[in-house]
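S.K.: need a structure here:
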Amino acid sequence: MRFETENSYEVQDKIRQFRAAILPIGAVEAHGPHLPLGTDNLLAERLAGMLAERTSSFVLPTLPYGQVWSLRNFPGSINVSNEALIRMLTDIGESLYQQGFRIFAMVNGHLGNAVALKEAARVLYERVPELKVYYFFYPGTREVTAEVRETVSAHGTYMHADEIETSYMLYLAGEYVEMSKAIDGAPVITAEADCTPTPWEEMTSSAVLGDATLATRAKGEKIIERSLDVMSDMLNRAKERLAVEERADNGSKSSNNESKLNKESRPREPGLKKRIVNGKQQPV
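M.R.: Got it, this is the predicted structure:
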């Protein structure tokens with residue numbers, strides 16, 4: 001369900017029912033000639049919507065800006081700092097907790113946000129430990145990606161606008177993909193790029209880190225569905241644990257209230273009343 005379309009008169013009961021909020025977070029940055037600047041937003045938003053359906057959770061409005069330092073000099077890229085993201089995400093998390101949510105899942109469409117998401121989750125862990133926080137970036141997909149990939153990845157950690165990410169888009173937001181413009185980016189990524197700040201214009205002129213012409217919807221579907229299975233399982237298990245804990249807490253409170261009520265309603269035993277005689281308490 002979309003949180004932004006709810007009204008304040010009815011949303012409180014629904015928060016108590018769903019207990020989980022999913023935040024899509026992406027970025028605005030160059031993705032070559034065949035994908036739009038908002039690729040990461042589209043991927044995060046549509047993936048979050050599918051995850052919400054499988055877990056009976058709320059989807060929050062997309063946070064559309066991310067840390068894109070590496071691509072900030074490419075036309076169309078908009079960069080925000082990690083510090084700004086961390087502050088925003090922790091504020092959102094604390095507010096969600098105050099509203100009654102107990103599970104907060106960030107669905108990330110841009111790897112550059114990973115540091116900020118992890119740090120924000122750690123801050124929230126300290127400030128509101130009762131809030132379970134997740135930061136997802138296509139978990140559980142390493143093996144299936146290796147199965148469908150036709151080319152060697154340009155980098156061991158990240159991919160961008162290539163065969164894989166373009167396949168994601170063909171499955172989740174195919175109407176925004178122009179495959180007739182897809183290229184083989186053939187980047188030159190040296191070992192030094194992992195050891196010192198390296199703007200991407202030093203290793204690619206297109207922002208495409210691989211052969212996007214090999215992308216297919218089928219590849220994207222296979223990877224995305226695997227990731228959805230993993231994320232759904234985590235969130236549904238978290239909701240089950242939360243339900244058990246809350247039932248136990250309610251049972252404990254009910255027992256305490258019943259014990260207190262019985263104690264207060266119990267008749268006084270005779271001989272317990274006392275009076276003061278010569279400054280000393282005496283039984284009545």
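
S.K.: tell me the secondary structure for Val208?
M.R.: Classification of Val208 using DSSP: H, G, I helix; E, B strand; the rest coil returns coil.

S.K.: That one against Gly185, yeah?
M.R.: Yes - contact criterion CB atoms under 8 Å: Val208 and Gly185 qualify, at 3.0 Å. For glycine as for every other residue, the C-beta is placed from the backbone atoms N, C-alpha and C.

S.K.: shared neighbours of these two, which are they?
M.R.: When contacts are counted by CB atoms under 8 Å, 6 or more residues apart in numbering, Val208 and Gly185 have 32, 161-162 as shared neighbours.

S.K.: With neighbour count as extra columns, can I get those in JSON lines?
M.R.: Below are the shared contacts of Val208 and Gly185 laid out as JSON lines (neighbours: other CB atoms under 10 Å):
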{"residue": "Gly32", "neighbour count": "24"}
{"residue": "Ala161", "neighbour count": "27"}
{"residue": "Asp162", "neighbour count": "28"}
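
S.K.: Dump those to a markdown table, plus secondary structure, pLDDT and distance to Leu47.
M.R.: Converted to a markdown table, these look like this (DSSP: H, G, I helix; E, B strand; the rest coil; pLDDT from 0 to 100; distance: CB to CB, whole Å):
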| residue | secondary structure | pLDDT | distance to Leu47 |
| --- | --- | --- | --- |
| Gly32 | coil | 98 | 20 |
| Ala161 | coil | 97 | 17 |
| Asp162 | coil | 97 | 18 |
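
S.K.: now, among those residues, which is nearest to Thr213?
M.R.: Within those, the smallest distance to Thr213 is 9.9 Å, found for Asp162 (CB to CB).

S.K.: And for the closest one, nearest residue in space, chain neighbours not counted?
M.R.: Taking CB to CB, 6 or more residues apart in numbering, and ignoring the residues beside it in sequence, Asp162 has Gly210 as its nearest neighbour in space, at 2.9 Å.

S.K.: close enough to count as contact, that neighbour and Gly185?
M.R.: Yes - using CB under 8 Å, Gly210 is in contact with Gly185, at 5.9 Å.

S.K.: Who has more neighbours out of these two?
M.R.: Gly210 (27 against 20; other CB atoms under 10 Å).

S.K.: Buried residues in stretch 106-122, which are they?
M.R.: By neighbour count on 16 or more other CB atoms under 10 Å, the buried set for stretch 106-122 is 106-114, 116-117, 119-121.
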